[in-house]
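*Asks:* I'd like to go over a predicted model; first the sequence, then the structure.
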Amino acid sequence: MNQNLILIADDDADVRDMLTVSLEAAGYRALGAKDGHTAARILTVAKPIGMITDVRMPAMNGMELCQLARSNPAIRDMAILMVSGNNHAYDVDAGLISGADGYLPKPLSPKQLVAELQTLISRRHLGV
């Protein structure tokens, strides 16, 4: 896995930019993808330690992307944080069942997102 590299998969450029700035301020490097297919290609090449993915994206949604990542032995251990405006219990459950380690509602708090991602990465690194 590529230490300090986080993939941001979100079709909203403003969200990708905001998350990139927040992650870089916390010492991470960030790559952005505007859809699920682009994110899937980046995952297999870059092998990040974590991914933040929106649920609703063109080409491949976040749940499909999450399932794809969890099925790939080279990247299945990375931390995955799902974000969405869909915040009903059903949506959260579906995101977690698809393989996400955590699920945060939009609009996002950058500080909360970075803290949550750091916790997930630490847990994955420690095998918790």
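*Replies:* Now that the structure is in, tell me what you want to look at. Quick caveat, the model's predicted, so the values are computed rather than measured. Numbering: from 1, shown residues only.
*Asks:* buried stuff in the worst-scoring helix or strand of the chain on mean pLDDT?
*Replies:* The helix or strand of the chain with the lowest confidence, counting by mean pLDDT, DSSP states H and E, is helix 89-97 at a mean of 84. Across helix 89-97, burial judged by 16 or more other C-beta atoms under 10 Å covers 91-92, 94-96. Using the backbone N, CA and C atoms, a C-beta is placed for each residue, glycine as well.
*Asks:* Now do the helices in the chain.
*Replies:* For the chain, the helices defined by DSSP state H cover 13-25, 36-46, 62-71, 89-97, 110-126.
*Asks:* ok now stretch 8-27, how far from the chain's centre?
*Replies:* 11 Å (C-alpha atoms, centre = their mean, to the nearest Å).
*Asks:* Over to stretch 5-22?
*Replies:* Taking the mean of its C-alpha atoms, stretch 5-22 sits 10 Å from the chain's own mean (C-alpha atoms, centre = their mean).
*Asks:* May I have the distance across it, first residue to last?
*Replies:* With C-alpha to C-alpha, to the nearest Å as the measure, stretch 5-22 spans 13 Å from end to end.
*Asks:* circling back to that earlier point, looking at the helices of the chain, which is nearest to residue 82?
*Replies:* When the helices of the chain are compared for distance to residue 82 using C-beta to C-beta, the nearest one is helix 89-97, at 4.3 Å.
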